[in-house]
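> got a sequence here, can you model it:
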Amino acid sequence: MLLAVNGTLMRGLELNRNMLDAGAKFSRQAQTAPCYQLWSINDCYPGMLRTNAENGAKIVLELWEMDAAGLMYILEHEPPGLTVGRVLLESGEEVLGVLAEPYLVQGKPEITSYGGWRNYIKANQRGRA
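Next up, the predicted model:
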């Protein structure tokens, strides 16, 4: 199965080791359909929710191939408030992906305009330099 990830599970980031330990294999980079919003959860990881095209944008993510045991491993190691649900890709394909529960993003800064977690952390690093 394919799992869409949009934050620290991506290649080269803090929790990517979890993907490798789960036996996942990188498939490709992709984008969501333009109906998602993204928030920064304490600048540690993102939370993504599906919304509508008026409020949403395309979010860059990675697609990883894994089996059911690997998916369970990922779920067990995700922070509270992150879950797996269906993610609609720009291509029209639907895959499983990491999403936030609505309570998790309440009061957190929305970072949708960055188009993805990597862009957000790069902008934050420039701002701190």
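> buried set for the lowest-mean-pLDDT helix or strand in the chain?
Of all helical and strand segments in the chain, the minimum by mean pLDDT, DSSP states H and E falls on helix 117-128, at a mean of 84. Neighbour counts over helix 117-128 (16 or more other C-beta atoms under 10 Å) mark Trp117, Arg118, Tyr120, Ile121 as buried. Backbone N, C-alpha and C define where each C-beta goes, glycine included.
> elements contacting it?
The contact analysis (3 or more C-beta pairs under 8 Å, 6 or more residues apart in numbering; DSSP states H and E) places helix 117-128 against strand 36-41, strand 45-50, strand 60-65.
> what is the orientation angle of that helix with strand 36-41?
40 degrees (axes from the mean of the first three to the mean of the last three C-alpha atoms, to 10 degrees).
> and the contacts of stretch 14-21?
Val5, Gly7, Thr8, Leu9, Met10, Phe26, Tyr45, Trp64, Met66, Tyr73, Ile74, His77 (C-beta atoms under 8 Å, 6 or more residues apart in numbering).
> in this structure, which spans are helices?
Counting by DSSP state H, the chain has helices at residues 16-21, 68-77, 102-105, 117-128.
> now the ones you listed in TSV, with distance to Ala30?
Below are these laid out as TSV (distance: least, C-beta to C-beta, whole Å):
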stretch	distance to Ala30
helix 16-21	15
helix 68-77	18
helix 102-105	22
helix 117-128	14
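> Glu54: which of the ones you listed is closest?
Among those, helix 102-105 comes nearest to Glu54, with 17.8 Å by C-beta to C-beta.
> pull the CA atoms of the closest one into PDB?
Output in PDB follows, covering the C-alpha atoms of helix 102-105 (Å, rounded to 0.1, in the frame of the first residue of the first chain):
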ATOM      1  CA  PRO A 102      -9.000  18.600  14.400                       C
ATOM      2  CA  TYR A 103      -8.300  19.200  18.100                       C
ATOM      3  CA  LEU A 104      -4.600  19.100  17.500                       C
ATOM      4  CA  VAL A 105      -4.500  22.200  15.200                       C
END
